[in-house]
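Novice: next one to model:
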Amino acid sequence: MAKQTKLPQGFIKVGRISMTIAREAHIKAADIVTTENYLIHIGNKHKSQLQPLGLNAFDYIKIVLAQFTEIREAERNAVLMVKQNPGRSNDTVVIELTLNYKLHLWEVRTAQPRSDVSKNKLLWRKGNGKPTKDSP
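Specialist: All right, here's what the predicted structure looks like:
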């Protein structure tokens, strides 16, 4: 069982990248956190995208983290947690995480539906763990 660490004040744990997935994706296993301010920011900035889904920012983050199917590389030492929803108008939902090296935590940078993430390098895919040969 993973050692429970006390979070700094103001942080809310929303998930974790497991050791197994981290090893397969070549990223750090760590808790995933956000703050109340980020939840407000995401809710305000992406309200028009989240409202049709019937979700607030916190629920959106929790659903994507519970059901993500891919991890892709992002800019500035970040990763994208991706959940594909084929056939829906917002068919790809994404949470962007940045690694806080000082706190050894992944922080939610943004959360929003996106139309395409195929240009981002695939690091991990549910089912086989490793990227397939057709990944960018």
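Novice: quick one: low-confidence parts of this protein?
Specialist: Per-residue confidence for the chain (pLDDT under 70) gives these ranges: 1-5, 86-91, 128-136.
Novice: ranges for the strands of it?
Specialist: 11-17, 30-35, 70-74, 78-84, 92-100, 105-114, 122-125 (DSSP state E).
Novice: and of the ones you listed, who's closest to residue 57?
Specialist: strand 105-114 (6.4 Å; Cβ to Cβ). The C-beta positions use only the backbone N, C-alpha and C, and glycine is treated the same way.
Novice: got the contact list for that closest one?
Specialist: With contacts defined as Cβ atoms under 8 Å, 6 or more residues apart in numbering, strand 105-114 is touched by 7, 11, 14, 17, 28, 30-34, 38, 42, 45-46, 49-50, 53, 57, 60-61, 64, 78-79, 90-100.
Novice: show the buried residues in these.
Specialist: 11, 14, 17, 30-34, 38, 42, 46, 49-50, 53, 57, 60-61, 64, 78-79, 92-99 (16 or more other Cβ atoms under 10 Å).
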